[in-house]
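Peer 1: can't give you the sequence, but here's the structure:
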């Protein structure tokens, strides 16, 4: 009897580990559901909106200007940020200070991206911490799940003029 109970217990533990590994790989390499918090991506993504983030693009350097990404925060590695890609490596970005008095140009270095929130007045982003390494990107958001009234693919940036700077 003890042998039967131990056998069933070990089988259960084995299946749990296998399914845990499959789930980890799915969430790490395929994608997952994410809840975004904070006002920095308004009006595109509101506080507590639930979105789907796919992780395949980051592995194949498929991130493009205008994509909304989830990335590790450069100032707090325990938290994630949700921002829009404004510039890729080699791009020239027009940066502004919070007061809009000082404008300057910066080139995005190799292996980095420039991220900004859609709500420029209420976003801590690359204007504060500079370009972030591509390796901090966790996934690309492209679909809103909740609220149901906004269900569907995400719309373009309200700051579309920020993508082309000559």
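Peer 2: Sure, I can see it. Bear in mind that the values here come from a model prediction, so they are computed numbers and not experimental data. Numbering: from 1, shown residues only.

Peer 1: show me which residues of stretch 134-144 are buried.
Peer 2: 134, 136, 137, 138, 139, 140, 141, 144 (16 or more other CB atoms under 10 Å). To be clear about C-beta, it is placed using only N, CA and C from the backbone, and glycine gets the same treatment.

Peer 1: after the longest helix along the chain, which helix or strand is next?
Peer 2: Secondary structure assigned by DSSP state H gives helix 2-25 as the longest helix of the chain. Once the chain leaves helix 2-25, the next helix or strand it forms, by DSSP states H and E, is strand 31-35.

Peer 1: quick one: contacts of that next one?
Peer 2: With CB atoms under 8 Å, 6 or more residues apart in numbering as the test, strand 31-35 has contacts from 26, 48-56, 70, 80, 82, 139, 141, 145.

Peer 1: between which two of these is the distance greatest?
Peer 2: 48 and 56 (25.9 Å; CB to CB).

Peer 1: packing partners for the top strand by length along the chain?
Peer 2: Across the chain, the longest stretch assigned as strand under DSSP state E is strand 137-146. Where contact means 3 or more CB pairs under 8 Å, 6 or more residues apart in numbering; DSSP states H and E, strand 137-146 is packed against strand 31-35, strand 50-54, helix 56-59, strand 68-72, strand 152-153.

Peer 1: right, so of those, which gets closest to residue 41?
Peer 2: Nearest to residue 41 among the helices and strands packed on strand 137-146 is strand 68-72 (7.0 Å), distances taken as CB to CB.

Peer 1: just the mean pLDDT for that closest one, thanks.
Peer 2: For strand 68-72, mean pLDDT rounds to 91.
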